[in-house]
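Engineer: mind looking at a prediction? Sequence and model below.
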Amino acid sequence: MAHIRSFRAVLLGGLFSLGLGACDTPMATGRIAPEGGPLLATVPAKGTALTLDVASWNIEWFGSTTNGPANETLQASNSRDIIGGTDADIWGVAEIVDQAAWNSLESQLTGYTGFLASESHVTSGSTYYGSTEQKVGILYKSSIATLLGAKIILTAYDADFAGRPPLEVKLRVTLNGVTEDIVVIVLHAKAFNDDASWQKRLNAGNALKSYLDTTYPTQKVIVVGDWNDDVDTSITAGKPSPYQNFVDDAADYAFPTRALSLAGSSSTVSYSDMIDHHLNTNEFTAAYVSSSAEVYRVDTYVADYANTTSDHYPVLSRYTMGGGGGTTPSVTVTAPNGGESYAGGSSQNITWTAANVSNVKLEYTLNGSAWTTITSSTAASPGSYTWTVPNTATTAAKVRVTDASSATVTDASNAAFTITVPTTPAQVILNEILANESGSNVAGEFVELVNVGGTSISIAGWTISDAGGLRHTFAAGTTLAAGKAIVVYGASSGIPAGSTNAVGASTAQLNLANGGDSVILKDGSGVTKASYTYHSSLSGTDGVSMNRNPDTSATGSWVLHTSISTLQSSGGKRANGTAF
């Protein structure tokens, strides 16, 4: 679509302004599906087999029957020929209006896959991009790149981006035997050369830089699209570039397309400014092929380009794989890495090194086989995480660090380390109660006991009662080992298949009231060892138990199980579903 570019443009005035408001105005559209068929334009290739070739293109009001080129079928055919002929590996596109038109175009581009910002697998996409709005999107060669994730970012600055917050796409790229993870951000900034629009671009540029500084301090990131302003001086008279913050931070960022601005190149049909740009983090800049940035004048090959296809030209840049800060994604645990001895309950640092990984998942095992999540995602760049060591004695503990985006990029401690726990007397607590069984089978009610002490204990002859009387007596020979649990169900028929630490109530009922009740645990001499009186707030939800928080804490408060776990209950297991 057309934009007001700058006072360097030849024509200004009422008619000029009147025709240029469409960029920021969503319009209703109809649909004329593009047809497949022979090439209408032969566009020479710019991509090479040895480089990662990146292109951006604003395809003027693509798919709209009320704006932009009048012949939708011809625009779609020309777009197909330009993208397919140029042979770039990745395309960031803007101003795509109609989803069906996009789907048809994508289907005709052999070897490419992609999506628009509004599509369902883009996190927050449909929230910020409607079906009739201009949308940003991405295309990439499926033989080279695989999708790791996509989301809309900087949504707090939606107005500053003219209602088009950027699309962030994480890709794993393999080329010439080298695999790297990269981040591609596609944007379409606020148009027009008035002061208010310049201020919005300034706000958006500041927000983008702050986001990149914080989120990707060491990653390969490229930001492409229609920036709607230049990076030497602004299209707004008397103003500096709203993206001067990136230009000034030359140690961390570079516009390879700035050389085109300084050379007087234009990225649009009618105006003299270079407003479509590529921005690289320094890690990506190190891989940039010198002087490869160019405005691809495809109007040389497409007849009547401005009226049939777009008012913007594609902009290109190329990169070498393996150059700069990126490497094949990897993580390596450095501590604990085997042989250490930690006191249970102490705070220790898990440390690691990572290359080309943004976030990591941390886990530990106490037996070498069952893994418990410490955190599902934390930033990889610090390489350290403070961990509270479980208060469970073992000589088989390990930790594991995994790329949060790819389970195949992982490393664990080279050998086991030890967790020591001072010997303490046995202490049996009530840890979980399910009074409101799932459905109507009261056999599913249960009471979970856990020995949080350091030694085993015989609980033979111990009893469980509710406010109405005795419900269960533990059989002779019953012991509860340190750190283990036993569960009493309303009846044996309620015990889940495979449970090895559960018994049915000796009276064949627990009779726990949904409206509130008491659970009392006594030893064989009738001395109360633990008790809890609950109210309907903890027993009013069908199938949801009440549980100590923190789990297995003798002094922990009682909460709904769903407030500390994704599970509704976990009889005989820890709150997160792992074994005791």
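Structural biologist: It's in.
Engineer: residues of stretch 70-81 that come out buried?
Structural biologist: Within stretch 70-81, the residues that count as buried by 16 or more other CB atoms under 10 Å are 72, 74-81. Using the backbone N, CA and C atoms, a C-beta is placed for each residue, glycine as well.
Engineer: kindly export that stretch (C-alpha atoms) in PDB.
Structural biologist: C-alpha atoms of stretch 70-81 as PDB (Å, rounded to 0.1, in the frame of the first residue of the first chain):
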ATOM      1  CA  ALA A  70      -7.400  -4.300  -8.500                       C
ATOM      2  CA  ASN A  71      -6.700  -7.700 -10.000                       C
ATOM      3  CA  GLU A  72      -6.400 -10.100  -7.100                       C
ATOM      4  CA  THR A  73      -5.600 -13.100  -9.300                       C
ATOM      5  CA  LEU A  74      -2.800 -11.300 -11.100                       C
ATOM      6  CA  GLN A  75      -1.300 -10.000  -7.800                       C
ATOM      7  CA  ALA A  76      -1.400 -13.500  -6.400                       C
ATOM      8  CA  SER A  77       0.300 -14.900  -9.500                       C
ATOM      9  CA  ASN A  78       3.000 -12.200  -9.600                       C
ATOM     10  CA  SER A  79       3.600 -12.800  -5.800                       C
ATOM     11  CA  ARG A  80       4.000 -16.500  -6.400                       C
ATOM     12  CA  ASP A  81       6.500 -15.900  -9.200                       C
END
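Engineer: next up, the contacts around Tyr385.
Structural biologist: With contact set as CB atoms under 8 Å, 6 or more residues apart in numbering, Tyr385 has these partners: 349-351, 362, 374-375, 378.
Engineer: which element is the residue nearest to Ser142 when sequence neighbours are not counted on?
Structural biologist: Spatial nearest neighbour of Ser142, excluding adjacent residues (CB to CB, 6 or more residues apart in numbering): Thr113 at 4.8 Å. Element membership of Thr113 [criterion: DSSP states H and E] is strand 112-116.
Engineer: partner strands of that strand and their direction?
Structural biologist: With DSSP bridges as the test, strand 112-116 is paired with strand 135-141 (antiparallel).
Engineer: buried ones in the partner strand?
Structural biologist: Buried residues in strand 135-141 (16+ other CB under 10 Å): 135-141.
Engineer: shaky segments in the protein?
Structural biologist: By pLDDT under 70, the low-scoring segments of the chain are 1-39, 322-328.
Engineer: how's it carved up into domains?
Structural biologist: Domain assignment for the chain by automatic domain parsing gives 14-36+53-320, 330-420, 428-563.
Engineer: tell me how many other residues crowd the closest residue to Thr420 other than its chain neighbours.
Structural biologist: Spatial nearest neighbour of Thr420, chain neighbours left out: Ala343 (5.7 Å); criterion: CB to CB, 6+ apart. Look at Ala343: counted by other CB atoms under 10 Å, it has 14 neighbours.
Engineer: how much space between Ala343 and Asp158?
Structural biologist: Remark: distance between Ala343 and Asp158 (CB to CB, to the nearest Å) = 50 Å.
Engineer: same question, Thr402
Structural biologist: Remark: distance between Thr402 and Asp158 (CB to CB) = 34 Å.
Engineer: of those two, who's got more company?
Structural biologist: More crowded of Thr402 and Asp158, by other CB under 10 Å: Thr402, with 21 against 15.
Engineer: got the contact list for Gly572?
Structural biologist: Neighbouring residues of Gly572 by CB under 8 Å, 6+ apart: 448, 485-487, 496, 499, 501-502, 580.
Engineer: try it again at 10 Å.
Structural biologist: Gly572 makes contacts with 432, 446, 448, 450, 484-487, 489, 495-496, 498-502, 579-580, as judged by CB atoms under 10 Å, 6 or more residues apart in numbering.
Engineer: with Lys200 instead?
Structural biologist: By CB under 10 Å, 6+ apart, the contact set of Lys200 is 24, 157, 159-162, 189-192, 194, 228, 242.
Engineer: can I get the buried ones among these as something I can paste into PyMOL?
Structural biologist: To isolate the buried subset of these in PyMOL, counting by 16+ other CB under 10 Å, use the following:
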select buried, resi 24+157+160+161+162+189+190+191+192+228+242
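Engineer: among the contacts of Lys200, find me the one that's closest to Ile90.
Structural biologist: Comparing those against Ile90 with CB to CB picks out Ala189 as the nearest, at 19.6 Å.
Engineer: quick check: next helix or strand after the helix or strand containing Leu521?
Structural biologist: Using DSSP H and E, Leu521 maps to strand 516-522. Counting by DSSP H and E, the element after strand 516-522 in chain order, helix or strand, is strand 528-535.
Engineer: buried residues in that next one?
Structural biologist: Residues of strand 528-535 classed as buried: 529-530, 532, 534 (neighbour count, 16+ other CB under 10 Å).
Engineer: and for stretch 444-460?
Structural biologist: Applying 16+ other CB under 10 Å to stretch 444-460 flags 444-454, 457, 459 as buried.
Engineer: mind putting the buried residues of strand 135-141 in JSON lines, distance to Ile153 included?
Structural biologist: Converted to JSON lines, the buried residues of strand 135-141 look like this (distance: CB to CB, whole Å):
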{"residue": "Lys135", "distance to Ile153": "15"}
{"residue": "Val136", "distance to Ile153": "12"}
{"residue": "Gly137", "distance to Ile153": "15"}
{"residue": "Ile138", "distance to Ile153": "14"}
{"residue": "Leu139", "distance to Ile153": "19"}
{"residue": "Tyr140", "distance to Ile153": "18"}
{"residue": "Lys141", "distance to Ile153": "24"}
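Engineer: which one of these is nearest to Asp249?
Structural biologist: For the buried residues of strand 135-141, the nearest to Asp249 is Val136 (24.3 Å; CB to CB).
Engineer: contacting residues for that closest one?
Structural biologist: Contact analysis of Val136 by CB under 10 Å, 6+ apart lists 56, 58, 92-96, 116-118, 129, 152, 161, 164-167, 185-188, 224-226.
Engineer: what's the neighbour count on Gly477?
Structural biologist: Quick note: Gly477 (other CB under 10 Å) scores 7 neighbours.
Engineer: also Asp249?
Structural biologist: By other CB under 10 Å, 14 other residues sit near Asp249.
Engineer: quick one: it from Ile153, how far?
Structural biologist: Asp249 sits 19 Å away from Ile153, going by CB to CB.
Engineer: try Leu175
Structural biologist: From Leu175 to Ile153 the distance is 26 Å (CB to CB).
Engineer: can you check Glu72 too?
Structural biologist: Distance of Glu72 to Ile153, computed by CB to CB: 31 Å.
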